[in-house]
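**Student:** predicted model follows, preceded by the sequence.
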Amino acid sequence: MKKMENCFGPVEKERVRQMNPVVLAFVGDAAYTLLVRRRLALECGHKTGELNHFASEIVSAHGQSEALNRILPLLTEEEEEIFRRGRNAKKPTKSKNATVAEYVRSTGFEAVMGYLYLTGQEARIEELFFRQQ
């Protein structure tokens with residue numbers, strides 16, 4: 001693995017737009033999971049096993065597909081394009097616990113989250129995150 005550049009700063013939009021949408025989804029899944037876990041940790045007084053159960057339901061393909069239904073009308077043209085690329089991308093795996101439609105939609109959702117995260121658009125991620133609750 002080659003030496004990484006700045007680990008935390010935003011990446012140029014053009015560079016991120018050239019990335020494979022499944023790679024964007026890989027990053028978006030992690031960013032979205034962290035956001036969900038943070039919210040649960042701060043708002044719930046549950047034990048970690050229960051928190052994990054709640055988080056798993058929210059970040060599942062089914063949960064992300066439902067979240068997408070609530071934010072899809074809010075996406076910009078640029079975000080819609082990233083969503084479509086993620087949704088239509090060839091995936092290396094199949095979902096075990098979701099329909100094909102939920103799985104492809106959740107991949108598109110994750111690609112948008114990954115794009116926003118990598119380009120440093122944290123305020124936009126928060127806006128979409130709290131609108132889909």
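**Tutor:** Looks like it came in fine.
**Student:** packing partners for the helix or strand that contains residue 78?
**Tutor:** Using DSSP states H and E, the element containing residue 78 is helix 77-88. With contacts taken as 3 or more Cβ pairs under 8 Å, 6 or more residues apart in numbering; DSSP states H and E, helix 77-88 sits against helix 21-43, helix 100-118. Every C-beta, even on glycine, is put in place using the N, C-alpha and C of the backbone.
**Student:** for residue 129, find the nearest of those.
**Tutor:** helix 21-43 (5.7 Å; Cβ to Cβ).
**Student:** Provide a list of residues in contact with residue 36.
**Tutor:** Taking Cβ atoms under 8 Å, 6 or more residues apart in numbering, we find residue 36 in contact with 55, 58-59.
**Student:** export the residues you listed to TSV and tack on distance to residue 46, neighbour count and secondary structure?
**Tutor:** Shown next, in TSV, are the contacts of residue 36 (distance: Cβ to Cβ, whole Å; neighbours: other Cβ atoms under 10 Å; DSSP: H, G, I helix; E, B strand; the rest coil):
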residue	distance to residue 46	neighbour count	secondary structure
55	11	19	helix
58	14	20	helix
59	16	21	helix
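**Student:** looking at the helices and strands packed on helix 77-88, which is closest to residue 92?
**Tutor:** helix 21-43 (7.1 Å).
**Student:** can I get the closest one in PDB? Just the C-alpha atoms.
**Tutor:** What follows is helix 21-43, C-alpha atoms only, in PDB (Å, rounded to 0.1, in the frame of the first residue of the first chain):
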ATOM      1  CA  PRO A  21     -19.000   4.100  -7.200                       C
ATOM      2  CA  VAL A  22     -18.700   0.900  -5.200                       C
ATOM      3  CA  VAL A  23     -15.600   2.400  -3.600                       C
ATOM      4  CA  LEU A  24     -17.600   5.500  -2.800                       C
ATOM      5  CA  ALA A  25     -20.200   3.200  -1.200                       C
ATOM      6  CA  PHE A  26     -17.500   1.400   0.800                       C
ATOM      7  CA  VAL A  27     -16.500   4.800   2.300                       C
ATOM      8  CA  GLY A  28     -20.100   6.000   2.600                       C
ATOM      9  CA  ASP A  29     -21.100   2.800   4.500                       C
ATOM     10  CA  ALA A  30     -18.500   3.600   7.100                       C
ATOM     11  CA  ALA A  31     -19.300   7.300   7.400                       C
ATOM     12  CA  TYR A  32     -23.100   6.600   7.700                       C
ATOM     13  CA  THR A  33     -22.500   3.800  10.300                       C
ATOM     14  CA  LEU A  34     -20.300   6.200  12.400                       C
ATOM     15  CA  LEU A  35     -23.000   8.900  12.200                       C
ATOM     16  CA  VAL A  36     -25.700   6.400  13.300                       C
ATOM     17  CA  ARG A  37     -23.600   5.000  16.100                       C
ATOM     18  CA  ARG A  38     -22.700   8.500  17.300                       C
ATOM     19  CA  ARG A  39     -26.400   9.500  17.400                       C
ATOM     20  CA  LEU A  40     -27.400   6.300  19.200                       C
ATOM     21  CA  ALA A  41     -24.500   6.600  21.800                       C
ATOM     22  CA  LEU A  42     -25.500  10.200  22.600                       C
ATOM     23  CA  GLU A  43     -29.300   9.700  22.600                       C
END
